[in-house]
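got a sequence here, can you model it:
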Amino acid sequence: MKFALTGSGELPGENSYAVLKGQPPLGSDPGTGREWYHGLNVSTNAGEATDNMIAMDRAEWVTFDSGDMDALWAQDIVAVESVGVRFTPNTKAPCPAYTFTVSAFGVESSKDPGNVDALKQALLERFGVSNVADVSADLALVDTDGDGMTDLDEIRAAYEAGYFSQIFKVSVESAEQGITIRWACVKDRVYTLLRADSMNGEFVAVASGAAPDTGYQVYNDTEATLGTSYFYKVVQQ
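Residues are numbered from 1 along each chain as shown. Just a heads-up that it's a prediction; the model follows:
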């Protein structure tokens, strides 16, 4: 985010921050969420606007809460309650009033909000941890939708570069009518199933479309005749 900050020429102290506040815990009062802090640029010249460009990147913000900082940031950055600036006097003695004005506030929407790692966010939402290595052995075997691909594999296939190629597989088996082909897929990616009557024959598309979910897609080739050899391949576009 970016904004200009104009002051009266005097600073109340060194404790000047941009403050990002996450949503409060369920059932808690508004404004009680976790706070993250980032330093500010303020001019000591009265009326002079100073530009502040602040990346929504965890490495540039700090919080006084303890725990997995990446996981805490991933949780708060997608549920921000407020963003503001705070000036705190470094003395308890009475001090004069100070005036500060925030202007030209904006967010560069072309950037990924907060640069949140999608894999960490998905792990956090499903398992409560931000790293694959922290998923327990029992949870790693859970297959919530019962499609044959574990929840962990579905998340890694969708968000971890190169992982899908490690688990991609196709199975072909006879059905009451035709042949059933089943292949691993990632949501919204387009797959085309092709068929030929010989290994070196011409492969012709028999089905194509975007996967509705991550897991497995199934196609029943009812035009296939039992007793005849067929060769299939799946192409991801």
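
phi first, then psi, for the most centrally placed residue in the chain.
Residue closest to the mean C-alpha point of the chain, counted by Cα atoms, centre = their mean, is A118 at 2.6 Å. With angles defined as degrees, to the nearest 10, A118 sits at phi -60, psi -40.

break this protein into its domains for me.
2-116, 118-167, 168-237 (automatic domain parsing).

mind checking the end-to-end distance for the second one?
With Cα to Cα, to the nearest Å applied, domain 118-167 spans 20 Å between its terminal residues.

I'd like the distance from it to the chain centre, please.
The chain centre lies 13 Å from the centre of domain 118-167; the measure is Cα atoms, centre = their mean, to the nearest Å.

give the buried residues for stretch 59-69.
61, 63, 69 (16 or more other Cβ atoms under 10 Å). To be clear about C-beta, it is placed using only N, CA and C from the backbone, and glycine gets the same treatment.

if you could redo that for stretch 73-91, that was the one I meant.
For stretch 73-91, a neighbour-count test (16+ other Cβ under 10 Å) marks 73-77, 80-81, 83, 85, 87 as buried.

equivalent analysis for stretch 223-231, please.
224, 230.

which residues does it contact?
With contacts defined as Cβ atoms under 8 Å, 6 or more residues apart in numbering, stretch 223-231 is touched by 174, 178-179, 195-199, 201, 203, 206, 221.

what's in contact with stretch 185-197?
Counting by Cβ under 8 Å, 6+ apart, 157-158, 164, 181, 183, 202-217, 219, 221, 224, 228-237 sit against stretch 185-197.

just to revisit the earlier point, apart from its chain neighbours, what residue comes closest to the residue nearest to the centre of the chain?
Leaving aside its chain neighbours, A118 sits nearest to Y159 (4.7 Å; criterion: Cβ to Cβ, 6 or more residues apart in numbering).

backbone dihedrals for the one you found, please?
phi -120, psi -10.

surely it touches L124?
No - using Cβ atoms under 8 Å, Y159 is not in contact with L124, being 11.8 Å away.

what about the two, which has more around it?
Neighbours per residue (other Cβ atoms under 10 Å) separate Y159 from L124, with L124 holding more: 21 against 18.
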